[in-house]
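# Give me a 3D structure for the following:
(one chain, ligands or ions: 1)
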Amino acid sequence: MDKFVIRGGAPLLGTVRISGAKNAALPCMAAALLTEDPVILENIPQVRDIETTRKLLAAMGAEVELGYGRAQHRTTIHCKNLASPEASYELVKTMRASTLVLGPLIARCGRARVSLPGGCAIGSRPIDLHIKGLESLGAKIVQDHGYVEATADRLKGAEIVFDKITVTGTEDLLMAATLAEGETLLQNCAREPEVADLAALLNKMGARIEGAGTATIRVKGVSKLKGAKHRIIPDRIEAGTFIIAGAMTSGDLNVTGCEPSHLGALLSKLHEVGVKTKHSADSVRVMGDHPLAAADIITEEYPGFPTDVQAQFMALATQAEGTSVITENIFENRFMHAQELLRMGANIKLEGRRAVIRGKSPLSAAAVLASDLRASASLVLAALVADGETIIDRVYHIDRGYENIEEKLRGVGAEIKRIGEIFPRRRGANG
Ligand code: EPZ
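Here you go, the predicted structure:
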């Protein structure tokens, strides 16, 4: 199991480049299932979840080239023949987002067998809304032995109102609707930028989608989709993580290759706590030369404060003067990082969906355990300001969604090293 060893105290100075968005790349890779032609995606992040998706598509019979290094983070996915439209438990249990293949497989092949994702550290995370929506489009779905078995002749357009706002639920239904007969109206949709990025790819493939990025999306079904080339948007969660790191370490950090317009809620909250930032079209410079003041956050669907930055903000709140209250509205168990921060000297009280953080607490290095992707990031941030050498175990969690985070941090002055072997790097284009 890989570990990080981080010696705290260094301010982050210089420039760090943000990678492509994992949560846009995953649905865009699944979208390739909708056509017999090759789909080329650029700015793909080199993270474990992308590798898992490559395996998932290849197991169905797709040809997936996944190039790194020279190939500049590019993948070509060619789903000419899909021998087995299935997603096995072995793969789905490592990545819940595998359920994103459900809609495309039903739309393309008329059948799908996808493992139910099972439990997750941050919450129960059911996929009932995916299933309900696909049934509205005419799919026959049974759940048997832990799998969703779906069949459909041609899907038929329908009016669907999501009971709850769901990001991958919106994406799954959006992909299915592109090949349905007639028009589909999706309401109460997720408005995340990753949904709009998926729609941009689908429209390049010949889909007819209007309204992506808003709560109401209209899709006119077509009979076939063609291949396309698309560049994935920058990862707003990675960008937010590094911006918080620059603020916490009293650094002067230029976060480039990002999309400041996707960071509105976080940036306005950071200004509230006293962080200065300067923006250009594709970068945010963060200057942590002011003491941090406490502030409350409430996580909401986009464009509200993102739940995926909540853990990172909690680390910052431990260094802010005063009492910050964090309310986590999206997931029921997304405070796993709090126990580890407490062991580093933070003052945090958990009350159901609320966490009360009293700062400023000097943090001391400790041996801590990563529990999920964003909790891991929170521990890295805390370690960057802790006194001494922190050891973070199970960093495979962080490798799921952050590309070479230790190299990026070292590049701007952090004292961090990895013990163990990063997930096997792929050799050459096909790996
Ligand atoms: C996406 O997960 C992201 N993952 C998550 O990022 C992110 O935290 C989440 O959206 C919320 O923004 C990807 O995009 C791959 P949801 P998703 O469906 O789609 C409930 C990360 O760190 N719900 O929007 O699975 C659900 O339980 C990951 O990169 C149902 O009840 O989240 C939750 O309470 C973690 N039934 C709420 O809706 C359903 O059928 C929002 O979940 C679907 C969801």
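
# if I pick Thr241, what's in contact with it?
Residues in contact with Thr241, defined by C-beta atoms under 8 Å, 6 or more residues apart in numbering, are Val309, Gln312, Ala377, Leu381, Tyr402. Every C-beta, even on glycine, is put in place using the N, C-alpha and C of the backbone.

# In strands, which of those residues appear?
In strands, defined here by DSSP state E, there are no members of the contacts of Thr241.

# Same list (those) but as TSV, adding distance to Cys79, pLDDT and neighbour count.
Below are these laid out as TSV (distance: C-beta to C-beta, whole Å; pLDDT from 0 to 100; neighbours: other C-beta atoms under 10 Å):
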residue	distance to Cys79	pLDDT	neighbour count
Val309	34	98	26
Gln312	36	98	28
Ala377	33	97	29
Leu381	39	98	28
Tyr402	28	97	28
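
# How about the residues of this structure by the ligand?
Taking C-beta under 6 Å from any ligand atom as the measure of proximity, the chain contacts the ligand at 23, 26, 97, 123, 125-130, 164, 166-169, 190, 307-308, 330-331, 373-374, 401.

# For ChimeraX, write a command that selects the buried ones of those.
What follows is the ChimeraX syntax selecting those of the residues of the chain next to the ligand that are buried according to 16 or more other C-beta atoms under 10 Å:
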select :23,26,97,125,127,129,130,166,167,168,169,190,307,308,330,331,373,374,401
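
# Identify those among the residues of the chain next to the ligand that sit within strands.
Checked against DSSP E, the residues of the chain next to the ligand include nothing in strands.

# Point out where the stretch 101-250 of the chain drops to low pLDDT.
By pLDDT under 70, the low-scoring segments of the stretch 101-250 of the chain are 119.

# got it, and the stretch 301-431 of the chain?
Of all residues in the stretch 301-431 of the chain, those with pLDDT under 70 make up the ranges 421-431.

# repeat that for 50
Scanning the stretch 301-431 of the chain with the threshold set as pLDDT under 50 gives 424-431.

# Which parts of the stretch 201-350 of the chain are helices?
With DSSP state H, counting those that start in this stretch as the definition, the stretch 201-350 of the chain shows helices at residue ranges 236-248, 264-272, 310-317, 336-343.

# Need these in CSV (columns: distance to Pro362).
Conversion of those to CSV gives the following (distance: least, C-beta to C-beta, whole Å):
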stretch, distance to Pro362
helix 236-248, 13
helix 264-272, 21
helix 310-317, 13
helix 336-343, 13
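
# any idea how far the spatially closest residue to Gly211 that is not a sequence neighbour is from Leu173?
Using C-beta to C-beta, 6 or more residues apart in numbering and skipping residues adjacent in sequence, the residue nearest Gly211 is Ile217, 4.4 Å away. When C-beta to C-beta, to the nearest Å is the yardstick, Ile217 and Leu173 sit 9 Å from each other.

# Return the alpha-carbon coordinates of stretch 17-26 using CSV.
Extracted as CSV, the C-alpha positions of stretch 17-26 are listed here (Å, rounded to 0.1, in the frame of the first residue of the first chain):
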residue,chain,number,x,y,z
ARG,A,17,-0.8,23.0,-13.9
ILE,A,18,-4.3,21.5,-13.5
SER,A,19,-5.2,18.2,-15.3
GLY,A,20,-8.4,17.3,-17.2
ALA,A,21,-11.5,16.7,-15.1
LYS,A,22,-11.9,13.1,-14.0
ASN,A,23,-15.6,13.6,-13.6
ALA,A,24,-16.0,14.8,-17.1
ALA,A,25,-13.6,12.2,-18.6
LEU,A,26,-15.6,9.3,-17.1
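
# Could you tell me how far that stretch lies from the centre of the chain?
Using C-alpha atoms, centre = their mean, to the nearest Å, the mean C-alpha position of stretch 17-26 is found 8 Å from that of the whole chain.

# And it, what's buried?
Within stretch 17-26, the residues that qualify as buried by neighbour count (16+ other C-beta under 10 Å) are Arg17, Ile18, Ser19, Gly20, Ala21, Lys22, Asn23, Ala24, Ala25, Leu26.

# Stretch 317-327 now?
Ala317, Thr318, Gln319, Ala320, Ser324, Val325, Ile326, Thr327.

# Stretch 172-187 now?
If you call a residue buried by 16+ other C-beta under 10 Å, then stretch 172-187 has these buried ones: Asp172, Leu173, Leu174, Met175, Ala176, Ala177, Thr178, Leu179, Ala180, Thr184, Leu186.

# Now secondary structure too, for those residues, in a markdown table please.
A markdown table is the format used below for these (DSSP: H, G, I helix; E, B strand; the rest coil):
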| residue | secondary structure |
| --- | --- |
| Asp172 | helix |
| Leu173 | helix |
| Leu174 | helix |
| Met175 | helix |
| Ala176 | helix |
| Ala177 | helix |
| Thr178 | helix |
| Leu179 | coil |
| Ala180 | coil |
| Thr184 | strand |
| Leu186 | strand |
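
# ok, of those residues, which one's closest to His145?
Compare each of the buried residues of stretch 172-187 with His145 using C-beta to C-beta and the shortest gap goes to Asp172, at 21.5 Å.

# Could I get the contacting residues of that closest one?
So, once contact is read as C-beta under 8 Å, 6+ apart, Asp172 ends up touching Thr99, Leu100, Leu102, Gly103, His130, Gly133, Leu134.

# In which helix or strand does the residue nearest to it when sequence neighbours are not counted reside?
Setting aside the residues directly before and after it, Asp172 is nearest to Gly103 in space (C-beta to C-beta, 6+ apart), at 3.9 Å. In this structure, Gly103 is located in helix 102-109 according to DSSP states H and E.

# which residues sit against that helix?
Contacts made with helix 102-109 from outside it, assessed by C-beta under 8 Å, 6+ apart, are listed as 30-31, 33-35, 60, 79, 82, 85, 87, 111-112, 114, 127, 130, 134, 139, 148, 150-152, 155, 171-180.

# give the contact list for the one residue in the stretch 1-150 of the chain that gets nearest to the ligand.
Among the residues of the stretch 1-150 of the chain, Leu129 lies closest to the ligand, at 3.2 Å counting by C-beta to the nearest ligand atom. Listed by C-beta under 8 Å, 6+ apart, the contact set of Leu129 reads Phe162, Asp163, Lys164, Thr166, Gly169.

# Name the nearest of those relative to the ligand.
Within the set of those, Thr166 lies nearest the ligand; the separation is 3.3 Å, counting by C-beta to the nearest ligand atom.
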